[in-house]
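Novice: missing the sequence, but the structure's below:
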């Protein structure tokens, strides 16, 4: 991605806590184009090293070095931060020593009532707030990456696939409300797979293996989605997993699902006969499709 021409720098640097994938790079380019100096935290083995050339400064930490993260932001006079990119909770269930948790991280973890995504992210937001650092939404910087409702590529869903979208939508929304995951794979009005800790791509592969050739992936936000946290995101990897697994439709929620490298995603979809549609939230529009 080529960065847009930068505007006059903002007086306050923007902090970026970067997980994996291309979203942190997209956010960094957009923030710099808007005039922000971007001071990033990247994680060893998680964050794409290419982020280093997209920001003004980057510090590489281990996932558990939370005191160091706060110190870097305070030292750089950062008072607003954006989270971008997934950090899988599988890291929390592996070798804990490899995370190198410091005293501040252990204190945050000890106060969690559970290990749901929202609980963990709320705790992180609270700890940042204690240092006078506020959280911003990803959409403040890359709102152009979401889509209005409609069929986005050259392939239209069949009537049966629209029925699957209507069937699966409230189920996906319910799973999000329980903070389990954002995606479900359905076929012939039956649920084949529900996303959980393993992530969307693995749910796609599992659902595709169980289907008979026409499954649909539905990805939505949570009913009370905090726009600062973990907005649904799709990209090239999503489409590649679908094509490999025989999942034929991608239905995303309009206005709040981030689409990375949209032109490339749609080229892959069109070439493989995959329909991509952005669907209005029925709680606002009254209907799906």
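Specialist: Right, received. Where do you want to start? What you are looking at is a predicted structure, and each value in this text was computed from that prediction instead of being measured. Numbering: from 1, shown residues only.
Novice: Assumed residue 52 was part of a helix.
Specialist: Yes. According to DSSP: H, G, I helix; E, B strand; the rest coil, residue 52 belongs to a helix.
Novice: Report pLDDT for it.
Specialist: The pLDDT attached to residue 52 in the predicted structure is 95.
Novice: Now for it, how many residues are close by?
Specialist: For residue 52, the neighbour count with other C-beta atoms under 10 Å is 15. (Each C-beta comes from the backbone N, C-alpha and C, glycine too.)
Novice: quick one: buried residues of whichever strand or helix holds residue 175?
Specialist: Element membership for residue 175 (DSSP states H and E) is helix 159-177. Residues of helix 159-177 classed as buried: 161-169, 172-173, 175-176 (neighbour count, 16 or more other C-beta atoms under 10 Å).
Novice: three-state assignment of residue 17?
Specialist: Three-state secondary structure (criterion: three-state DSSP) places residue 17 in strand.
Novice: Near it, how many other residues are there?
Specialist: Residues within reach of residue 17, counting by other C-beta under 10 Å, total 22.
Novice: Verify the contact between it and residue 80 for me.
Specialist: No. When contacts are counted by C-beta atoms under 8 Å, residue 17 is not listed as touching residue 80 (11.6 Å).
Novice: which neighbours do those two share?
Specialist: Taking C-beta atoms under 8 Å, 6 or more residues apart in numbering as the contact definition, residue 17 and residue 80 share no neighbouring residue.
Novice: Against residue 220, how distant is residue 47?
Specialist: Taking C-beta to C-beta, to the nearest Å as the measure, residue 47 and residue 220 are separated by 26 Å.
Novice: Where does the prediction get shaky in the protein?
Specialist: Counting by pLDDT under 70, the chain contains low-confidence ranges at 1-11, 89-97, 282-289.
Novice: what's the domain layout of it?
Specialist: Residue ranges for each domain of the chain read 14-142, 146-285, as given by automatic domain parsing.
Novice: I'd like to know which elements the helix holding residue 175 is packed against.
Specialist: Packed against helix 159-177, as judged by 3 or more C-beta pairs under 8 Å, 6 or more residues apart in numbering; DSSP states H and E, are the following elements: strand 183-187, strand 190-194, strand 216-219, strand 249-253, strand 275-279.
Novice: would you list those in CSV and tack on distance to residue 240 and mean neighbour count?
Specialist: CSV is the format used below for these (distance: least, C-beta to C-beta, whole Å; neighbours: other C-beta atoms under 10 Å):
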stretch, distance to residue 240, mean neighbour count
strand 183-187, 15, 28
strand 190-194, 17, 19
strand 216-219, 13, 29
strand 249-253, 12, 27
strand 275-279, 13, 24
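Novice: As JSON lines, the ones you listed with distance to residue 151 would be great.
Specialist: Below are the helices and strands packed on helix 159-177 laid out as JSON lines (distance: least, C-beta to C-beta, whole Å):
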{"stretch": "strand 183-187", "distance to residue 151": "19"}
{"stretch": "strand 190-194", "distance to residue 151": "23"}
{"stretch": "strand 216-219", "distance to residue 151": "14"}
{"stretch": "strand 249-253", "distance to residue 151": "10"}
{"stretch": "strand 275-279", "distance to residue 151": "5"}
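Novice: how about those, which one is nearest residue 260?
Specialist: Ranking the helices and strands packed on helix 159-177 by their distance to residue 260 (criterion: C-beta to C-beta) puts strand 249-253 first, at 11.8 Å.
Novice: contacting residues around that closest one?
Specialist: Contacts with strand 249-253, where a contact means C-beta under 8 Å, 6+ apart, come from 147, 157, 161, 164-165, 168-169, 214-221, 232, 234, 238-239, 242, 259, 269, 274-279, 281.
Novice: Who does the helix or strand just after that strand pair with, and is each partner parallel or antiparallel?
Specialist: Sequence-wise, the next helix or strand downstream of strand 249-253 (DSSP H and E) is strand 258-259. For strand 258-259, the pairing partners within the sheet under DSSP bridges are strand 233-234 (parallel).
Novice: Now for residue 102: which residues touch it?
Specialist: Going by C-beta under 8 Å, 6+ apart, residue 102 touches 64-68.
Novice: any idea how far it lies from residue 108?
Specialist: As judged by C-beta to C-beta, residue 102 and residue 108 stand 10 Å apart.
Novice: do the same with residue 157
Specialist: As defined by C-beta to C-beta, residue 157 lies at a distance of 43 Å from residue 108.
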